[in-house]
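Q: coords please:
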Amino acid sequence: MKHGVVRIACLYLPNGNPVGSDKYPYKLKWMSRLLEYSKERLKTEEPLILAGDFNVIPAAGDVHNPAAWVEDALFRPTTREAFQSLLGLGLTDALRAVNDEAGQYTFWDYQAGAWQKNWGLRIDHLLMSPQASDRLIDVGIDSYVRAWEKPSDHVPVWADLDLETA
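A: The predicted structure is shown next:
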């Protein structure tokens, strides 16, 4: 019988564009609050998953054309550093724990045939506490749903966890 507890916090982190507006400082402040929230949740030592649209491209391998995104709020160094601060707390990027291949995308814009050309980016993430990542069996991206009629520009990211406890 499967049992256990996992706390899942779903989020939508602000986009932050245009960078020269008040939207970017707002994004960074939001990320700072998420860092503080995460520190507090990690003290409970329970399985925790932060799941959702982080609006962060963590690394060059997470976007089709990194040079095109250098000035975008999703890929600016300060944004990526804030994301890395979450990982620095001990959270694990679930997808990267099982798959380090470039080109693992979760979002394709509706414009310029991005889906058809596979000009995507990875901005949807599952970040797991040590107690959750210890239970991680597999992670995947269901990119095929982007080909459905009238799809979202985002696709599901999922994780399979072993919830059996000793």
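
Q: three-state assignment of the residue most central in space within the chain?
A: Closest residue to the average C-alpha location of the chain: residue 125 at 2.0 Å, with CA atoms, centre = their mean. Secondary structure of residue 125, reduced to three states by DSSP: H, G, I helix; E, B strand; the rest coil: strand.

Q: from what I can see it touches residue 59, true?
A: No - Residue 125 sits out of contact with residue 59 when judged by CB atoms under 8 Å, with a separation of 11.8 Å. C-beta coordinates here come from the backbone N, C-alpha and C atoms, glycine included.

Q: just checking, next helix/strand downstream of the top helix by length along the chain?
A: Longest helix of the chain, by residue count under DSSP state H: helix 23-42. As assigned by DSSP states H and E, the chain's next helix or strand after helix 23-42 is strand 48-53.

Q: Which residues does the very next helix or strand once past that next one contact?
A: Next along the chain after strand 48-53, taking DSSP H and E as the criterion, comes helix 77-88. By CB atoms under 8 Å, 6 or more residues apart in numbering, the residues outside helix 77-88 that reach it are 16, 27-28, 31-32, 34-35, 38, 50, 54, 56-59, 73, 93, 127.

Q: so how far is residue 51 from the residue nearest to the centre of the chain?
A: Applying CB to CB, to the nearest Å, the value for residue 125 to residue 51 is 7 Å.

Q: Can you pull the residues that touch both of those two?
A: With CB under 8 Å, 6+ apart, residue 125 and residue 51 have common neighbours residue 157.

Q: hang on, residue 20 in a strand?
A: No - using three-state DSSP, the assignment for residue 20 is coil, not a strand.
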